[in-house]
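1. Fold the following, please.
(chains A and B)
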Protein chains: 2
Amino acid sequence: MTQPLRSFDELEVGQRFAFGELSLSEAEIIAYATKYDPQPFHTDPEAAKASPLFGGLVASGLHTMGACFGRIMGTGLFSAISLGGNRIDTRWPAPLRPDEVFSLAAVVEELKPSRSRPGMGVAVVRFTGTRVADGVVVIEMVGTHFLRR
Amino acid sequence: MTQPLRSFDELEVGQRFAFGELSLSEAEIIAYATKYDPQPFHTDPEAAKASPLFGGLVASGLHTMGACFGRIMGTGLFSAISLGGNRIDTRWPAPLRPDEVFSLAAVVEELKPSRSRPGMGVAVVRFTGTRVADGVVVIEMVGTHFLRR
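-> Numbering: from 1, shown residues only, chains lettered A, B, ... in the order given. Sure thing, here's the model as predicted:
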């Protein structure tokens, strides 16, 4: 981890951050999906075997997103400057199965000062989760974040 | 609610669905964000007052997404045909505060049979959450869903 950011103006396009490795257990996957995405391939390991696309239990994509942002915000990198956000475009190119380990990293794609608020900048950041075993991307999120200057 | 869908082929572009009304309590907002989006304006009502964009506690956008999909999947509309999905592009045009009631609806935007899987179709669906008190949109999600034919 780098030091926590103190201003939007410390960021540069192309800058990269690493957030370490994550995984979700079967119990965590089932608990999350039961509340927020109740579908058999997220909640029932036996029924999930009949899933034509997955053939077994996989994490809800919303759960993977939450786990990523839990880690990202938990590191404190953005804590002093994050003011909110208004868009995340998320793709899940491959499913994430229980206990599969993925690494989470980010690259800064766009930076622009806010037109309406002089103390704020808008950063577009691409977050990528890559399965450690084989390099397959399991989640990609392009977020639009409002950051303090 | 309409009857549960039995096939991708029952859908039509422009078709609309209503999923009723939802809200998130302060306690729910704090509990979700503590785990999945730990930022003061999602976890601490007192600290949130200093937020320049929100001025008070607001739901994590990921929580609003989860609450919507919990409702959507919980209705059973898609239960017999949902095979998964690979993208959700989400915007939060306005914040959602504790106990604010929003109504959730969907419109089918695109439908195409899968090229690789004859038993599957791809549906692009726009889900919109609208605050009941004033008609302001608090969440808009464009999801790409794989559905059984």
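2. residues in contact with the most centrally placed residue in chain A?
-> Note on chain A: the residue nearest the mean C-alpha position is A:Cys68, at 3.6 Å, using CA atoms, centre = their mean. The contact partners of A:Cys68, by CB atoms under 8 Å, 6 or more residues apart in numbering or on different chains, come to A:Phe19, A:Leu22, A:Leu104, A:Phe127, A:Gly129, A:Ile139, A:Met141. Yep, even glycine has a C-beta here, placed from its N, CA and C like the rest.
3. switch to 7 Å and redo it
-> With contact taken as CB atoms under 7 Å, 6 or more residues apart in numbering or on different chains, A:Cys68 is in contact with A:Leu104, A:Phe127, A:Gly129, A:Ile139, A:Met141.
4. Touching, the last one and A:Val125? I think so.
-> If I follow you right, that is A:Met141. No: in terms of CB atoms under 7 Å, A:Met141 does not count as a neighbour of A:Val125; the distance is 8.4 Å.
5. Mutual contacts of these two, please.
-> Taking CB under 7 Å, 6+ apart as the contact criterion, A:Met141 and A:Val125 have no common neighbours.
6. one step back: which of the contacts of A:Cys68 has the largest number of neighbours?
-> Scoring the contacts of A:Cys68 on neighbours with other CB atoms under 10 Å in any protein chain shown, the highest-scoring entry is A:Gly129 at 26 neighbours.
7. who does that one bridge with?
-> When bridges are taken as DSSP bridges, the partners of A:Gly129 come out as A:Leu104, A:Ile139.
8. I'd guessed it sits against A:Val136; true?
-> No: taking contacts as CB under 7 Å, A:Gly129 lies outside contact range of A:Val136: 9.8 Å.
9. For A:Ala47, the count of nearby residues, please.
-> For A:Ala47, the neighbour count with other CB under 10 Å is 12.
10. mind checking the backbone torsions on the closest residue to it other than its chain neighbours?
-> Across the structure, with CB to CB, 6 or more residues apart in numbering or on different chains as the measure, the residue nearest A:Ala47 apart from its sequence neighbours is A:Pro40 (3.9 Å). Here the main-chain torsion angles of A:Pro40 (degrees, to the nearest 10) amount to phi -60, psi -30.
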